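Visitor: my questions concern the predicted model and sequence given below.
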Amino acid sequence: MDNIKEQGLESAEVIFAKNTEFNRFGLICAVILVVGCSGGLAVGLGGVQYVGTLIAAVIPTMITLSLLLAVAPMKYIMASGLTATIINFIMIAYFLIA
């Protein structure tokens with residue numbers, strides 16, 4: 001009961017940070033799956049044809065995977081993973097439409 005009262009006083013960002021650090025290994029599996037597969041799909045659909053799109057897909061994906069390997073704080077991993085996933089999905093949509 002005290003834990004619920006303590007969480008009520010904390011901001012949503014603090015609660016999210018604590019939960020992501022607590023569930024670190026499960027989130028790492030999900031981040032590797034989503035970022036790795038979306039990056040590979042973006043490159044496979046046409047990102048490999050142009051140097052700029054290849055750089056735009058590979059750099060954020062490798063930064064995310066490097067942060068995972070370096071056991072960086074989950075705040076940084078989630079931010080870079082979200083950035084890489086957004087870039088990859090934009091590229092996937094572009095190459096599917098074009």
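Guide: Cool, the structure landed. Residues are numbered from 1 along each chain as shown.
Visitor: so, low pLDDT: which residues of the chain?
Guide: Within the chain, the segments meeting pLDDT under 70 span 1-9, 12-13, 16-17.
Visitor: ok, which stretches of this protein are helices?
Guide: 2-9, 12-22, 24-45, 51-69, 74-97 (DSSP state H).
Visitor: next, format those as TSV and append mean neighbour count.
Guide: From N, CA and C alone the C-beta is placed, and that goes for glycine too. Putting these into TSV (neighbours: other CB atoms under 10 Å) gives the following:
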stretch	mean neighbour count
helix 2-9	8
helix 12-22	12
helix 24-45	16
helix 51-69	17
helix 74-97	17
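Visitor: next up, the contacts around residue 45.
Guide: Counting by CB atoms under 8 Å, 6 or more residues apart in numbering, residue 45 makes contact with 91, 92, 95, 96.
Visitor: same deal with residue 90?
Guide: Here residue 90 is in contact with no residues (criterion: CB under 8 Å, 6+ apart).
Visitor: same question, the one 5 residues further on
Guide: By CB under 8 Å, 6+ apart, residue 95 lies in contact with 42, 45, 46, 47.
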